[in-house]
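Enquirer: build me a structure from this.
(2 chains)
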Amino acid sequence: MNRRSRFLALTIVLASHTMLAGSGGSIYSLIGIGDLRYLPSVRAAGMGFAGYAFTSPYSINTLSPATWGKIDRARVEASMLYEGFSSSNTTTSRFLARGDVSGAILAFPLSSAQGIVLAAGFTPYSKVDYNTYSSGSYVTPADTLLYSLHYTGQGGISKGLLGLSYAPTHSVSVGASLNYLFGTIERATVMTPRTSTYYPGTQNEETTMNGPTVTLSVLLDSLGGVADSLQPFSFGLVATTRASLTSTHRFTYTFSDQADTSSEDTNIMTVPASFGVGIAYHPSERWILALDYATQAWSTIEYQGKTPEGLKDAWMVGFGVERGPAREAGVPLLDRIAYRLGFNYESTYYNPNGNGINAWTITGGLGLPVSSDARLNLAIDYGMRGTTSNGLIQDKILRFSASLSISEQWFQRSDED
Amino acid sequence: MYNGISRRLLVLSALSVLLFACSDEPTEQNALLTPQLPFVAMAVRETTIVATSGSTFKDPVAMNSTVNLVGRSGKYTASTVLAFYATYFPNRDTVNVISATLYLHGASFYGDSTGQLSFTVHRLNHSWNQETLTWDSVQTDLYDPSVIRGNYSGRIGLDTEEVSIDLDTAMAREWMVTPTSTEYTLRYGMILVPTASATVVRGFQSFENDSASWVPSVRLICRNVAGTVMDTATYNLGVDTFVGNVDGLDSDPKLAYVQAGIVYRSIMNFDVSLLPKGAIVNYALLTLHRDPATSWLNRFAADTAIAVHVMQGSATTSAFEATSAIAKLVPGSATTYTDNIAHAVQSWVRGPNYGLLLRTDGAREFHAFDLVTLYNYLADSTRVPRLKIIYSVPKN
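Expert: Below you'll find the predicted structure:
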């Protein structure tokens, strides 16, 4: 890693560290396990979150291990995410923002000829971050108790993964990863009376979940041998197994000068299997058009023996296009940059009181060469989720994401050897 | 090329931080809520319960306060113990003490204002500690009741009158011997013991008083052996306390006794098991009713209040929280005491529940003979101790 790469890596880390935490996120993250993260990579984020059907030696797709086969040098990719939510109902609006480290993954090629690449890392799976208030009263002839309720939620689930890709033929690449979902979600309700005559209290609910799941994927490209018409196409398929997460749950109570804790109970929470399919079209060496579809049956989730309310099956369609960089020496900088554009539509798993919440997003991105083998990917997304009708809330979401992908040549013989 | 990218990245990072800094802070005013989302509201509930059990116990604690009591009234008895600092007196082995006079300043009284105050003075035989001396300590060989070193008899005058007691000069001379003298060990002070004819209890200012004008003092008039020089000196530094007693106080099972100066304290229990774990106790109003017929309060009691402590154990009556709620008279009532004891009830919901300890509030427990009798759990429904609790639980 050269000095410039180190400097850029440090800049990204420091910038993300400055933005860590924040003023809050979407109120919809109260439901289920929060906002789900479908983020193959920052490159895919610029392309409508499509990424199942194309591969790259400069980017590591965290959702499809079969796409790692072209990585020919040890590579690490770290990313960060900034999200701003302009949320509103029919009378009120506000803007909350937060920053997150969005994961890091290391890929290590074991055999470039056979596309055997080992990768390990962690990525976010879901995010809970809400912060809002309500009020209430209790009035009798003898007492008047007016109070506010402050609701906050924090945490989420992360995914650690360890996987392997293998390309038995020139056209077929398969991959598998063992994933470990883990995380803690805390939900707090603070009751604060408006006069000091009455005492306040806080109820904090903490749920910790962990459990394994497996991802299997297949990538088919360079299919000219099958049919000439298939040559520019590539196909990807990803399936992730259902997860049975061990969930421990307890309440912590805080009063004005005392605290208490409930006993801890353990349950199983099932996360449904997910499926994704993608197709990419390469009209030339520098152009890619990609279309992905993913689905997950969240209506089948079980927790404490029953299906939680407010959830439905989710699906997503993403479309993106990329003009890749020129590889020739001496070309101008603007020609060495990859340009990306995309669109995404998601039928989210949020279904409060039978009101399905959908979202659309327009995306754009850049892939900047940092050195001969390092890439800085930037993506910007803007979209809308929800509606203000039926007393619901609409989120206008702005996201910036960035990742730095750097590589080293490890354990490779030089020509002199 | 790469320097340009570095600069652009720095600019992007700075822009990101700025965008982050432009976000709102969630407040009640910009709160977004919708009835469609499953936020858990709070259900506020109210319940009133009555005391389920209780008891009164005698707890002999050391007084050591700003007023010392001495005298007798009815079944009440009090004796004052005091000593002037031995090192305060000059070493004068051969001096003749012509007179020794003890001066005390009145502070309060209990009983018949026309009654007789009379007591005898006795020299103490061994050391004592004002922070640990109790009625039981005095019953051992602390003094010889047959040897009288002074006496007083009189009536209650002005509240702050000064009374003087002539002391045995031989006892006073013992205070001025050198440390090598065999009599040095005799300077343990004196005890004022009421006589059988005493019919009132008097309170005198103690050495704890802020003003040197009110503390106990002794004036010694001395003359040298040659008889040629006389001198008069007053000494007013020392330690003191009092011990009091009344037996058979808690005779009525329907009453809880809170007696200062001796002391008697009471425990009161409420069953709050109906409150679920995690309930927020917003308010808990304790109501106690005093029996004026059996209480013993006078104008010195003024705003007598009841300290209400959370008991922290059942094995010993001394295990209670240092801080307390203060039950005071309801405005317009002479017999009803109330206070918000939400802290106590919250601790019971968390567990364990050892009840409440009731005692005379503040310093009055250590320098007065106030008696407050409260109706306990056996009283009728109009007077039984009550607890009105307002609490909140999540609505499910």
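
Enquirer: for chain B, which spans come out with low pLDDT?
Expert: In the prediction, chain B carries residues with pLDDT under 70 at positions B:1-21, B:181-186, B:302-303, B:396.

Enquirer: which single residue of it ends up nearest chain A?
Expert: Relative to chain A, the nearest point of chain B is residue B:280 (3.1 Å; CB to the nearest CB). The way it works is simple: take the backbone N, C-alpha and C, and place the C-beta from them, glycine included.

Enquirer: helices of the stretch 201-350 of chain B, start to end?
Expert: Using DSSP state H, counting those that start in this stretch, the helices of the stretch 201-350 of chain B run over B:342-350.

Enquirer: do the same with chain A
Expert: For chain A, the helices defined by DSSP state H cover A:3-19, A:42-45.

Enquirer: least confident of those helices, on average?
Expert: Among the helices of chain A, helix A:3-19 carries the lowest mean pLDDT, a mean of 49.

Enquirer: so what's residue A:405 up against?
Expert: A:58-60, A:75-77, A:374-377 (CB atoms under 8 Å, 6 or more residues apart in numbering or on different chains).

Enquirer: how does it look with 7 Å?
Expert: Residue A:405 sits next to A:58-59, A:75, A:77, A:374-375, A:377 when contact means CB atoms under 7 Å, 6 or more residues apart in numbering or on different chains.

Enquirer: and residue A:85, by the same measure?
Expert: A:25-26, A:95-96, A:395, A:397.

Enquirer: looking at those, which one is closest to residue B:99?
Expert: residue A:96 (87.1 Å; CB to CB).

Enquirer: residues near that closest one, how many?
Expert: Using other CB atoms under 10 Å in any protein chain shown, residue A:96 has 26 other residues around it.

Enquirer: residue A:27 is in contact with that one, correct?
Expert: No. Between residue A:96 and residue A:27 there is no contact under CB atoms under 7 Å: 9.5 Å.

Enquirer: okay, now residue A:333: neighbour count?
Expert: Residue A:333: 13 surrounding residues under other CB under 10 Å.

Enquirer: and what of residue A:229?
Expert: Neighbour tally, residue A:229, other CB under 10 Å: 9.

Enquirer: residue in chain A nearest to chain B?
Expert: residue A:201 (3.1 Å).

Enquirer: so what's that residue closest to, chain neighbours aside?
Expert: Closest residue in space to residue A:201, ignoring its immediate chain neighbours: residue B:280 at 3.1 Å, by CB to CB, 6 or more residues apart in numbering or on different chains.

Enquirer: ok, back up a step: lowest-confidence one in the contacts of residue A:85?
Expert: residue A:25 (88).

Enquirer: now for that one, how many residues are close by?
Expert: The number of residues packed near residue A:25 is 27, by other CB under 10 Å.

Enquirer: tell me the contacts of it?
Expert: A:35, A:83, A:85, A:96, A:98, A:127, A:129-130.

Enquirer: what number of residues lie near the closest residue to it other than its chain neighbours?
Expert: Among residues not flanking residue A:25 along the chain, residue A:129 sits closest, at 3.5 Å (CB to CB, 6+ apart). The local packing of residue A:129 (other CB under 10 Å) involves 25 other residues.

Enquirer: again with the one 5 residues further on
Expert: Residues near residue A:134, counting by other CB under 10 Å, number 16.

Enquirer: ok, now residue B:324?
Expert: 23.

Enquirer: right, and residue B:215 touches residue B:234 too?
Expert: No. The pair residue B:215 / residue B:234 is not scored as a contact, 11.0 Å apart, by CB under 7 Å.

Enquirer: neighbour count for those two, which is higher?
Expert: Legend: neighbour count by other CB under 10 Å for residue B:215 and residue B:234, higher for residue B:215 (20 against 10).

Enquirer: now do the contacts for the more buried one.
Expert: B:205, B:207, B:209, B:236.

Enquirer: now residue B:335
Expert: Neighbouring residues of residue B:335 by CB under 7 Å, 6+ apart: B:289-290, B:292.

Enquirer: mind listing the strands for the stretch 1-150 of chain B?
Expert: For the stretch 1-150 of chain B, the strands defined by DSSP state E, counting those that start in this stretch cover B:42-50, B:53-58, B:67-73, B:76-84, B:96-111, B:116-123, B:150-155.

Enquirer: please identify the deepest-packed of those.
Expert: strand B:67-73 (a mean of 26; mean count of other CB atoms under 10 Å in any protein chain shown).

Enquirer: return the distance of it from the chain's centre.
Expert: Counting by CA atoms, centre = their mean, to the nearest Å, strand B:67-73 is centred 16 Å from the centre of its parent chain.

Enquirer: what's next to that strand, contact-wise?
Expert: B:78-80, B:107-108, B:110-111, B:117, B:119, B:192, B:194, B:198-206, B:240-242, B:244, B:261, B:367, B:369.

Enquirer: return it as PDB; C-alpha atoms alone will do.
Expert: Taking Å, rounded to 0.1, in the frame of the first residue of the first chain, the C-alpha atoms of strand B:67-73 are listed here in PDB:
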ATOM      1  CA  VAL B  67     -30.700  20.100  74.800                       C
ATOM      2  CA  ASN B  68     -30.300  17.800  77.800                       C
ATOM      3  CA  LEU B  69     -33.300  16.800  79.900                       C
ATOM      4  CA  VAL B  70     -33.500  16.200  83.600                       C
ATOM      5  CA  GLY B  71     -36.500  15.500  85.800                       C
ATOM      6  CA  ARG B  72     -39.500  13.300  86.200                       C
ATOM      7  CA  SER B  73     -43.000  13.500  84.800                       C
END
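
Enquirer: my read is that residue A:119 contacts residue A:110, right?
Expert: No. Contact criterion CB under 7 Å: residue A:119 and residue A:110 do not qualify, at 10.6 Å.

Enquirer: quick one, strands of the stretch 101-250 of chain A?
Expert: With DSSP E, counting those that start in this stretch, the ranges of strands along the stretch 101-250 of chain A come out as A:116-139, A:144-166, A:172-193, A:201-220, A:233-240, A:243-255.

Enquirer: what would these look like in JSON lines with mean pLDDT?
Expert: Shown next, in JSON lines, are those (pLDDT from 0 to 100):
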{"stretch": "strand A:116-139", "mean pLDDT": "95"}
{"stretch": "strand A:144-166", "mean pLDDT": "96"}
{"stretch": "strand A:172-193", "mean pLDDT": "96"}
{"stretch": "strand A:201-220", "mean pLDDT": "96"}
{"stretch": "strand A:233-240", "mean pLDDT": "96"}
{"stretch": "strand A:243-255", "mean pLDDT": "93"}
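
Enquirer: just put the contacts of residue A:85 in TSV and tack on distance to residue A:229.
Expert: Formatted as TSV, the contacts of residue A:85 follow (distance: CB to CB, whole Å):
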residue	distance to residue A:229
A:25	46
A:26	44
A:95	49
A:96	49
A:395	42
A:397	39
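
Enquirer: of these, which belong to strands?
Expert: Residues of the contacts of residue A:85 located in strands (DSSP state E): A:95-96, A:395, A:397.

Enquirer: could you list which of those residues also contact chain B?
Expert: A:95-96 (CB under 7 Å from any CB of the partner chain).

Enquirer: where neighbours are concerned, which of the ones in strands among the contacts of residue A:85 has the most?
Expert: Neighbour counts for those peak at residue A:96, which has 26 neighbours (criterion: other CB under 10 Å).

Enquirer: so what's residue B:389 up against?
Expert: Contacts of residue B:389 (CB under 7 Å, 6+ apart): B:46-47, B:281, B:284, B:345.

Enquirer: so what's residue B:268 closest to, chain neighbours aside?
Expert: Per CB to CB, 6+ apart, closest to residue B:268 is residue B:54, 4.3 Å.

Enquirer: now swap in residue A:139 and tell me
Expert: Once flanking residues are discounted, residue A:139 sits nearest to residue A:145: 7.5 Å by CB to CB, 6+ apart.

Enquirer: many thanks, I have nothing further to ask.
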